[in-house]
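> give me a model of this one.
(one chain, ligands or ions: 2)
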Amino acid sequence: MNQAKTSGEPLLSVRKLQVDIAGKRVLRSVDFDVDAGELVVLMGANGSGKSTLALALAGHPRYEVSGTAHLGGQDLLELPVEARARAGLFLSFQAPPDIPGVKNNLFIRTALNAQRASRGEPEIDAYDFLGQAKAGAKRLGLPDAMLARPVNEGFSGGERKRNELLQLALFKPRVALLDEIDSGLDVDGVRALVDLITEMRAQGTAFVVVSHYLHMIEMLEPDRVLRLQDGCISESGDLELARSITAQGFAAAPARQAAPVGA
Ligand SMILES: Nc1ncnc2c1ncn2[C@@H]1O[C@H](COP(=O)(O)OP(=O)(O)OP(=O)(O)O)[C@@H](O)[C@H]1O
Ligand SMILES: [Mg+2]
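Ligands and ions are numbered 1, 2, ... in the order given. A predicted model of the protein is given here:
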C-alpha cells in the first residue's frame, strides 16, 4: 500500500550525496528528485557508480556516505538498513545473492510482514501469502517450485531477476531502485517487468531504474533520464538523452558540469 506524501517535497530527494568505498571517492555530489509515480532512468558507464548509489541509499554498511537523502520527509541516511526498507525503500540487486538454507517463501513473507507491521497492518498468514505469492509468480513467469527452494540457490540469471520482481510486486514499496533488473531477462520477462512497473507507477510507486538497454528504457516511458558521470549527475534529459548515449557511447560525450536537479 502506498502512503500519501507527507509534504510538498518530492517523494525521494537526494542532495550532495558523496560516497566513498575502500578509500576511493565514487560519488562526489549526486543530486536528484523522484516524485510519487515518476520513473527516472539512471545511465552511466561501467564503474561510474550506479550500483554504489543504489546500495548507499539502501544502507549497505560498506559505504561511507555524506549529504542527504529524504524519503517522504524522513532522513534515510540516519536510518539503519531495515528501517529504510520499512520506510518504503526497495532495492533490487544487480546480482541477487544466494541465501542457502532460507526458503524463498518464508524469506519473502517475513520481510513482507515486517513492512506490514511498520504500517500498522496485520500479519499475512502463510495460507493467504502463498495464494498471493503464487499469483505473483504466475504473472512473472516464475514456476511455483521456486517458492519452496532456498533464496536464489541454483536459480538461473533470469529466474533471479524474476524473483526480485516478485518481491517488488508483493512489497509494494514507495520507492523502488532497480539495478539492471532487465539483464538476464528474456523477452517475456521484459514484457512482464514493464507491465508490473507501469501498473505500480499508476498506484504511486516511484522508480529509479538503472539500465544500459534502450529498448526497455523506451518501453518504460521515463519522466527523466539522468547520466551519472565523474561522481555526479552530469546530464538530465528525456528519452533523447538515452538515445544519444546509445548511439554515441559514453566515451564520446565530454564531461559536463552537474545538471540542475529535476531539469
Ligand atoms: N570494495 C571496493 N573497493 C574498491 N573499489 C570499489 C569497491 N566497490 C566498488 N568499487 C569501485 O567503485 C566504482 C563504482 O562501482 P559500481 O559498481 O557502483 O559501478 P556501476 O556504475 O554500477 O557499474 P556497472 O555498469 O558495471 O554495473 C568502480 O570503479 C568499482 O571498482
Ligand atoms: Mg552496477
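> SS state for the one residue in the chain that gets nearest to ligand 2?
Taking C-beta to the ion as the measure, the chain has Ser51 as its residue closest to ligand 2, at 3.2 Å. C-beta: built from backbone N, CA, C; applies to glycine. Look at Ser51: counting by DSSP: H, G, I helix; E, B strand; the rest coil, its state is helix.
> Gln94 is in contact with that one, correct?
Yes - if you go by C-beta atoms under 8 Å, Ser51 and Gln94 touch, sitting 5.3 Å apart.
> could you confirm Leu177 falls within a helix?
No - read with three-state DSSP, Leu177 is strand and lies in no helix.
> who's it bridged to?
In this structure, Leu177 bridges to Leu91, Val208 when assessed by DSSP bridges.
> and for the helix or strand hosting Leu130, what's in contact with it?
Using DSSP states H and E, Leu130 falls within helix 126-139. By C-beta atoms under 8 Å, 6 or more residues apart in numbering, the residues outside helix 126-139 that reach it are 105, 108-109, 112, 124, 143-144, 146-147, 162, 166, 169-170, 192, 196.
> which parts of stretch 105-120 are buried?
Residues of stretch 105-120 classed as buried by neighbour count (16 or more other C-beta atoms under 10 Å): Asn105, Phe107, Ile108, Arg109, Ala111, Leu112, Asn113, Gln115, Arg116.
> before we move on, what about stretch 149-159?
By neighbour count with 16+ other C-beta under 10 Å, stretch 149-159 contains the buried residues Arg149, Pro150, Val151, Asn152, Phe155, Gly158, Glu159.
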